[in-house]
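Chemist: kindly generate the corresponding structure for this input.
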Amino acid sequence: MLSQRTRYTIRALLHLADRTGAGPVQLSEIAEAQNIPPKFLTVMLSQMIREGLVASRRGREGGYWLARPASDISYGEIVRLTRGSLGLLPCASRLAYEPCKNCVTEDKCRLHRVMLMVRDETARILDGLTLADAIPADQFADDPAQRDETLSMASEAG
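Modeler: Residues are numbered from 1 along each chain as shown. Now for the predicted structure:
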């Protein structure tokens, strides 16, 4: 499950992507439009500045903007920066591996193997989709075939 921090960060970055070329975007605009607490948004954007995804300028004409093209920022990168891992279990994480407590033997654990496959498929999809990929919110509402086709095209493009 994605954390609230990850969801807020994605929404803020999508807002900046939508405003590309319009000049710096004020924190208050992002917070209001995306319903993100301003103090929390400040912390998140500071992290994204340190990670090189966002740039900022202080002052009356200041604000935030994407430091890289939206097409160069994948959902996978954002999730890894805010969550730390795509693995659902500590034993399936590439970045924060830990053996599971209570596991008899990882070599023979069927759950471990399944979670590795889930992690790899999740990475393939999220790394294949960028902030520039326009996927309308209502597109997937009632059409699983359309969703699968869109995700397939996005992952092939990535």
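Chemist: quick one, phi/psi of G62?
Modeler: phi -90, psi -180 (degrees, to the nearest 10).
Chemist: ranges for the strands of this protein?
Modeler: In the chain, the segments counted as strands under DSSP state E are 54-57, 63-66.
Chemist: low pLDDT regions in this structure?
Modeler: Residue ranges of the chain with pLDDT under 70: 90, 94-96, 98-100, 106, 108, 134-158.
Chemist: distance of the nearest residue to P24 once chain neighbours are set aside from R50?
Modeler: Distances taken as Cβ to Cβ, 6 or more residues apart in numbering place G63 nearest to P24, at 2.9 Å, with adjacent residues excluded. Every C-beta, even on glycine, is put in place using the N, C-alpha and C of the backbone. G63 sits 17 Å away from R50, going by Cβ to Cβ, to the nearest Å.
Chemist: list the buried residues for stretch 2-21?
Modeler: Buried residues in stretch 2-21, counting neighbours by 16 or more other Cβ atoms under 10 Å, are found at 6, 8-17, 19.
Chemist: right, I'll leave it there.
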